[in-house]
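S.K.: I would like the atomic coordinates for the input below:
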Amino acid sequence: MKVATYNINNVRKRLGNLLDWLAGAAPDVLCLQELKTADADLPRAALAEAGYQGVWRGQRAWNGVAILSRGGAPVLVRDSLPDDPDPRQARYLEAAVEGVLIGCLYAPNGNPCPGPKYDYKRAWTDRLVAHAADLLAAGVPAVLAGDYNIVPEPRDIYDTTSYDGSSLVQPEMRARYRSLLDAGWTDAVRALRPEGTAYTFWDYRRRRFERDGGLRLDHLLLSPPAAERLVAIGIDREARAREEASDHAPVWVEL
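M.R.: Numbering: from 1, shown residues only. So this is what the prediction gives:
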């Protein structure tokens, strides 16, 4: 099973890019974030023609998450985190796909920091950590895939001081991410690429993609039964190089 995550940054605007990538990459399961589209306007027909069924939680103008599958249809388990501090925001979906529990997440950005948006990010991430503990206790193969809006380590960001005040690199957010790994989740990319950079996001400004001024924000965390099956990972950087591309690249694992 190939499981991918992709912050598409507006699914209608970038539908052509998404369909081209799907045709080549052919993931069995795809977690999409930042749909920026209301449920009624989601491109279900185009994705069905490409061979994908899905569960969705859209939101006009921002947020929005989806889980797509080209095998059996995903079976929706939940459409928000338990005790979500703001359930109006479409940031989490969970579905069962052929024996694997898939969580698709789009964590709050949290900027400016400090401030109310950062407070919300901390509260939301705390709920994610608590729910992740429950998933571990269930003992099932599970993948938590998405845009965590956390740069886990200094090597996961290019050499710069421009993000020093950002929520993405704050020590307490990095500690929350580390707590997931300490609890038993496996960072799939670092499990098979333990050295060097592994950027997944390049800002549109100041030619950061061309200069490789990247960050690692998109992660796939595996529960122990899923981690035992990990055989490959990849970051499809070439998708970020396309015209009108998302500022994120797809990231995938093979189980």
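S.K.: State the distance from the spatially most central residue of the chain to L221.
M.R.: Central residue of the chain (Cα atoms, centre = their mean): G146, 1.1 Å from the mean position. Here G146 is placed at a distance of 9 Å from L221 (Cβ to Cβ, to the nearest Å). In this view, the C-beta of every residue, glycine as well, is placed from N, C-alpha and C.
S.K.: and if you look at A107?
M.R.: Counting by Cβ to Cβ, the gap from A107 to L221 is 12 Å.
S.K.: Now for the residue nearest to the centre of the chain: which residues touch it?
M.R.: G146 makes contact with 5, 7, 31, 33, 65, 103-107, 218-219 under the criterion Cβ atoms under 8 Å, 6 or more residues apart in numbering.
S.K.: Ok, G99 next?
M.R.: P141.
S.K.: so what's it scoring on pLDDT?
M.R.: If you check G99, the pLDDT there is 96.
S.K.: Tell me, how many residues neighbour A38?
M.R.: By other Cβ atoms under 10 Å, 14 other residues sit near A38.
S.K.: SS state for the closest residue to it other than its chain neighbours?
M.R.: Residue nearest to A38 in three dimensions, not counting chain neighbours: R60, with 4.3 Å by Cβ to Cβ, 6 or more residues apart in numbering. Using DSSP: H, G, I helix; E, B strand; the rest coil, the structure places R60 in coil.
S.K.: same question, Y177
M.R.: Y177 - assigned by three-state DSSP - is helix.
S.K.: can you pull the contacts of it?
M.R.: Contacts for Y177 (Cβ under 8 Å, 6+ apart) come out as 148, 150, 152, 219.
S.K.: please redo it, this time with the cut-off set to 10 Å
M.R.: 107, 125, 128-129, 148, 150-153, 185, 187, 219, 221 (Cβ atoms under 10 Å, 6 or more residues apart in numbering).
S.K.: coming back round to it: burial check on the residue nearest to A38, number of neighbours?
M.R.: 14.
S.K.: looking at it, it is touching R12, isn't it?
M.R.: No. Using Cβ atoms under 10 Å, R60 is not in contact with R12; the gap is 11.0 Å.
S.K.: shared neighbours of those two, anything?
M.R.: Jointly contacting R60 and R12 under the rule Cβ under 10 Å, 6+ apart are 35-38, 41.
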